[in-house]
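**Student:** here is a sequence together with a model predicted from it:
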Amino acid sequence: MELEWPAPQFLQLLPHVDWCPLPRHVVDAYGDNWTSVDNLVVNGPFRVANFTPGDRLVLIRNPTYGGHFSGNVDRIEFILDRPWEEVFELYKEGELDVIAANLPRIQELALQYPGEFVSAPTLQTALLSFNTNRAPFDDKRVRQALAMALDREGYAARLGPQAARPARGGWIPPGMPGFQPGINLPFDLNKARRLLSEAGYPEGTGFPEVTCIDGQLAAEWLQESWKVNLGIEMKFEAVDTEEYFQRLSDGFDAHIILHSLAAVYPDPEMWLGIDFRPFRAPWEETVRQMQERARSSSDPEQRLERFKEIDRFFVENAIFLPILHLRQSGLIKPWVKRLPVSSSFMSIYSFQDAVITPH
């Protein structure tokens, strides 16, 4: 492969699912239907036995797999698209062996199931994106005021340490190269109210109705914080993943988007090197030039520092507001042994090492 610019993160990209080999002869033979259960060819530790969209995915051990397989699991059933409370009931009845935790319930689950609760850090950041093309968020003072009116430390404490840590830096989470603790805009109500007043909205007076698109993460806390601390009413609109990406590709129409980003490889280019053109923002050209400078550097330290400059630019200008660094948590039955818990919690690459004891 010939790379267009120095890419020290290149080897970290190769284990990602996007780089898995595809069976060309099957794709050529069946076209779009090559992924059906009858036609699908895989080279991993498990193969698909049955897939019912919206219900379940069944995997069985792949007899032709030649790699390391130290566990004793022959069959895996994934329950799909069920309300979390329904999944939790199945777990309590012993019908499920492993479940991911619901964020608001993590602290409760950790106390109720101390012997079954597991938690692992992730390279995942929950953040706000301000639409700098729409008033009042075309004014940096407004964006900074909203950022400084949020007590992220208090919110993280409410969720519990098993669920999240407050974002004290930028996009880049702890554990990833480029993390910069202390660069975030601090919780400062006096300064937040002063900035909002300077922007023409003393105590929130005259502030227009604004809408935030969210995935139901932190919505109530944000509404409460901005209403109590700044006198601002915020309307939240929950959308599913498909609609979120569609609306983003059509143009960033909402005032704010509340979302989380998870890194699939531990390098700041994963986030800070993405294409920001869909935002159609006045700062996009500045960031693109900063990205080009970072990518063109053959010195790893210089490259990292240039990506850190992009992170500081976003934080200082309150374009993106990091809120939390999330953890992955869940419950695992005592009879499931040696199931490695990774940042993706239930990685398919971990089940080949899992052991289930008689129960």
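**Tutor:** Structure received.

**Student:** measure stretch 331-350 end to end?
**Tutor:** Terminal residues of stretch 331-350 are spaced 16 Å apart (Cα to Cα, to the nearest Å).

**Student:** now that stretch: mean pLDDT?
**Tutor:** For stretch 331-350, the mean pLDDT works out to 73.

**Student:** now do stretch 262-273
**Tutor:** In this model, stretch 262-273 has a mean pLDDT of 88.

**Student:** okay, that stretch in CSV with CA atoms only?
**Tutor:** Extracted C-alpha coordinates of stretch 262-273, given in CSV (Å, rounded to 0.1, in the frame of the first residue of the first chain):
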residue,chain,number,x,y,z
ALA,A,262,-16.1,6.0,20.4
ALA,A,263,-12.6,5.5,19.1
VAL,A,264,-12.0,2.3,17.2
TYR,A,265,-8.2,2.8,17.3
PRO,A,266,-6.2,4.8,19.9
ASP,A,267,-5.0,7.8,17.9
PRO,A,268,-6.3,11.4,17.9
GLU,A,269,-6.6,11.3,14.1
MET,A,270,-9.6,9.0,14.7
TRP,A,271,-11.7,12.0,15.7
LEU,A,272,-9.7,15.2,15.1
GLY,A,273,-8.8,14.1,11.6
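
**Student:** helix, strand, or coil at G67?
**Tutor:** coil (DSSP: H, G, I helix; E, B strand; the rest coil).

**Student:** need the contact list for the closest residue to it other than its chain neighbours.
**Tutor:** Using Cβ to Cβ, 6 or more residues apart in numbering and skipping residues adjacent in sequence, the residue nearest G67 is P45, 6.7 Å away. From N, CA and C alone the C-beta is placed, and that goes for glycine too. For P45, the contact set (Cβ atoms under 8 Å, 6 or more residues apart in numbering) comprises R61, N62, Y65, G67, F69, Y349, F351, Q352.

**Student:** the last one belongs to a helix?
**Tutor:** What that stands for is Q352. Yes. Under three-state DSSP, Q352 falls within a helix.

**Student:** count of neighbours near it?
**Tutor:** 19 (other Cβ atoms under 10 Å).

**Student:** can you tell me the closest non-neighbouring residue to it?
**Tutor:** Spatial nearest neighbour of Q352, excluding adjacent residues (Cβ to Cβ, 6+ apart): P45 at 3.9 Å.

**Student:** gap between the one you found and R158?
**Tutor:** P45 sits 40 Å away from R158, going by Cβ to Cβ, to the nearest Å.

**Student:** do the same with W226
**Tutor:** From W226 over to R158 (counting by Cβ to Cβ), the distance is 16 Å.

**Student:** coming back round to it: just the closest of the contacts of P45 to E93, please.
**Tutor:** F351 (22.0 Å; Cβ to Cβ).

**Student:** surely that closest one meets G44?
**Tutor:** No. F351 lies out of contact with G44 (Cβ atoms under 8 Å); the separation is 10.0 Å.

**Student:** before we move on, back to that, more crowded one of W226 and R158?
**Tutor:** W226 (22 against 13).

**Student:** secondary structure element for the more buried one?
**Tutor:** helix 219-230 (DSSP states H and E).

**Student:** measure stretch 227-240 end to end?
**Tutor:** Termini of stretch 227-240 sit 26 Å apart (Cα to Cα).
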